[in-house]
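*Asks:* Provided below are the primary sequence and the corresponding predicted coordinates.
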Amino acid sequence: MPELPEVETIVRNLKENLGGKIIRAVKINSSRSLNVPPAVFKKKISRAKIVQIRRVGKYIIIHLIKGKVFYLVVHLRMSGQFIIAAGLKEKVRIGFYLKNCWLNFLDARNFARIWLVNDWKKTPAGRIGPDALKITRKEFLERFSIFARRFPQKMVKVLLLEQEFISGIGNIYAAEILFLSRINPKRKIGSLTSIEQKNIFLAMKKILRKAIARRGTSFDYAYRDTRGRPGDFQRYLNVYGRAQEQCRRCGRNLVSEKIAGRTTVWCRRCQN
DNA sequence: ACAGCGTCCTGCAGGC
DNA sequence: TGCCTGCAGGACGCTG
């Protein structure tokens, strides 16, 4: 499931391979994810030049130019993939031909969304909070205080998943951040001390940076980089996917519970 | 106003 | 071995 480190890895790959290239042709096998009719999409994007590729939270923003500047905004959700290959892949939903390669957009579960727009800030990508990787400690703590004052009863795990608070964190990294900062995921944000808030910030930075260095987490088939390779961070997961297994810190069995509809694993002894 | 659940969707794991 | 059921989750919409 692409979260910030996975999207960052994909964006870095796309930048290296697609920057400055022209989209020569588009093949649409499934238009479910598009915000415009397939014919419109094809017409607008054909012969456009890719001038910039960047990440905003979990969104990929591709800056295009054809007379004027416009944008392709992509959210991969659960299973969206971009695979660069010599040809079209078997289950490709949308193929972009770029002179000597195809950019294959695949999405097993059909959850991904693609917007073709003149102003990317008018898509959901323009309505999210500061990026988890870029936010400063000061800004994080200020923002935490605002949310803690407004929603003191909200569980900290839920806050970390809210893209309006900070963007980029999903279920895997939220669980890992709370383990490293030794906070119980069910703690109410109004009860967290400034030291605990600071520890969450530090754990967040540490984990996101390491996960990017390991090219993301491939827990299952869902996430692959643009060459179809899995990430490596699953080797370093302390809690996600480890329910009933032993805590790497204290040896106690990890517990699992649904929090806000999402499976959450933590250590009852280490996380208070 | 806010919390919490259902929905979308399909691959895969586990049970019998 | 093969079928069936249920689980996985990001974001949004609906409900109470």
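*Replies:* Perfect, thanks for sending it.
*Asks:* Spatially, which residue comes closest to A:L98, not counting chain neighbours?
*Replies:* Spatial nearest neighbour of A:L98, excluding adjacent residues (Cβ to Cβ, 6 or more residues apart in numbering): A:K21 at 4.5 Å. (C-beta placed from N, C-alpha, C; glycine too.)
*Asks:* Can you tell me the SS state at A:L178?
*Replies:* helix (DSSP: H, G, I helix; E, B strand; the rest coil).
*Asks:* quick one: the strands in chain A?
*Replies:* A:25-28, A:49-56, A:59-66, A:68-75, A:80-85, A:94-97, A:102-107, A:113-117, A:255-259, A:262-266 (DSSP state E).
*Asks:* buried set for the second one?
*Replies:* Right, strand A:49-56. For strand A:49-56, a neighbour-count test (16 or more other Cβ atoms under 10 Å) marks A:50, A:53, A:55-56 as buried.
*Asks:* and what of the last one?
*Replies:* Using 16+ other Cβ under 10 Å as the burial criterion, the residues of strand A:262-266 that qualify are A:264-266.
*Asks:* Kindly report the same for the fifth one.
*Replies:* Using 16+ other Cβ under 10 Å as the burial criterion, the residues of strand A:80-85 that qualify are A:80-84.
*Asks:* relative to strand A:59-66, how tilted is that strand?
*Replies:* Strand A:80-85 runs at 50 degrees relative to strand A:59-66, counting by axes from the mean of the first three to the mean of the last three Cα atoms, to 10 degrees.
*Asks:* any chance of the buried residues of strand A:262-266 in a markdown table, with distance to A:L116 and pLDDT too?
*Replies:* Formatted as a markdown table, those follow (distance: Cβ to Cβ, whole Å; pLDDT from 0 to 100):
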| residue | distance to A:L116 | pLDDT |
| --- | --- | --- |
| A:T264 | 36 | 95 |
| A:V265 | 39 | 95 |
| A:W266 | 41 | 95 |
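*Asks:* returning to that earlier point: okay if I get the strands of chain A as a markdown table plus distance to DNA strand B?
*Replies:* As requested, the strands of chain A are exported to a markdown table (distance: least, Cβ to the nearest atom of the strand, whole Å):
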| stretch | distance to DNA strand B |
| --- | --- |
| strand A:25-28 | 16 |
| strand A:49-56 | 21 |
| strand A:59-66 | 17 |
| strand A:68-75 | 12 |
| strand A:80-85 | 12 |
| strand A:94-97 | 15 |
| strand A:102-107 | 8 |
| strand A:113-117 | 10 |
| strand A:255-259 | 7 |
| strand A:262-266 | 9 |
